[in-house]
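*Asks:* dropping the sequence and predicted coords here.
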Amino acid sequence: MPDPATIQTVTLGTTGPVVPALGIGTWAWGDSLFWNYGKDYGAEDVQAAFQAALEGGINFFDTAEIYGLGDSEKLLGQFMQSASQPVMIATKYFPLPWRFSSQAVADALTASLKRLQVSRVALYQVHAPLTLLLSQKSLMNALADEVQQGRIQAIGVSNYSAQQMREAHAYLAKRGIPLAVNQVQYSLLHRHIETNGILEAARELGITILAYSPLAQGLLTGKYTVENYQKPSGARSLAPQFSKQRLAKLEPVIQTLQAIGNQYDRTPAQVALNWLIAQGNVVPIPGAKNARQAAQNAGALGWQLGEQERAQIDQATQAWKS
């Protein structure tokens, strides 16, 4: 486990809460559609993951009202009751078509807070850039109201393009509130934000990137190889990136991560996560379905790759930029 004194931290946005430079994503907690919750693992497993994360210095958890149709938030709410330290929660509002007023935003937040058994959350994010009946301006103003009422500490968005992020930032700026976060897919095998303007705009505006799927749904762990080929469980079994052909293309990347990891006594996953942290103002939020995975995630904190090693990894994954 990392030494608490050496754990890197990040301020979300310019004035948001300070969190560890790595969080835990809880999509898999309570979700039986994509992740086989209730079959391959259950509540005891994810509670053990929660506890192992805290023991490893990670007290920042990302969830959403639609994860497990509210069950992810409920589980977190239950686990926090016995936590011996403060826990920081990020959750998300989904702009469903019938949510067409500021009151709908307030009601959704109220429901999330009830499931989480808290009076406020560190970060409240818009899950997707959908503007059907509620405009972006009205949505951002509704969120700004909640900051002023003290129910959320910081505002974030998710899956927003560079332009959509700039618009949301501008609306909030008129209220004197910074946009703290854009949560997007970012990993060594999904580096599009480096070339499509999202990372550039985030750095310009002081917006933190929360990187979901930072291990490419397990591909960067080294678990899935051509030699020991096994299909992942759940919906991932249908994903083309887990085919033997795609795994063969991935082998040089895994070998690079393993070679560098051996120098630090770290796993390929820990190296991949540390590389993301090293990009600056990026907080990876890998999932963890059990204590072992949460402890492995925590091992990405408390140390830093050298500049030469970061460049080596960067070069090995150039093909995944476009």
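*Replies:* Good, I have the coordinates.
*Asks:* use CA for all of it now, contacts and neighbours both
*Replies:* Noted.
*Asks:* any weak-confidence spans in the stretch 151-300 of the chain?
*Replies:* Low-confidence segments of the stretch 151-300 of the chain, defined by pLDDT under 70: 223-248.
*Asks:* show me where it has its helices.
*Replies:* Per DSSP state H, counting those that start in this stretch, the stretch 151-300 of the chain carries helices over the ranges 162-173, 198-205, 244-264, 268-278, 291-298.
*Asks:* tell me the mean pLDDT for stretch 109-124?
*Replies:* Computed over stretch 109-124, the mean pLDDT rounds to 98.
*Asks:* quick one on the thing from earlier: tell me which of the helices of the stretch 151-300 of the chain is the most buried.
*Replies:* Counting by mean count of other Cα atoms under 10 Å, helix 268-278 has the highest mean neighbour count of these, with a mean of 24.
*Asks:* packing partners for that one?
*Replies:* Taking 3 or more Cα pairs under 8 Å, 6 or more residues apart in numbering; DSSP states H and E as contact, the helices and strands that helix 268-278 lies on are helix 244-264, strand 282-284, helix 291-298.
*Asks:* what's the offset of that helix from the middle of its chain?
*Replies:* 14 Å (Cα atoms, centre = their mean, to the nearest Å).
*Asks:* report the buried residues of stretch 73-83.
*Replies:* E73, K74, L75, L76, G77, F79, M80 (16 or more other Cα atoms under 10 Å).
*Asks:* please, where are all the strands along this protein?
*Replies:* Using DSSP state E, the strands of the chain run over 9-11, 18-20, 24-25, 60-62, 88-93, 121-126, 152-158, 179-185, 208-212, 282-284.
*Asks:* residues touching the residue nearest the centre of the chain, list them.
*Replies:* The residue lying closest to the centre of the chain (Cα atoms, centre = their mean) is I285, at 3.2 Å. Shown in contact with I285 (Cα atoms under 8 Å, 6 or more residues apart in numbering): L22, G23, I24, G25, F61, D62, L210, A211, Y212, S213, P214.
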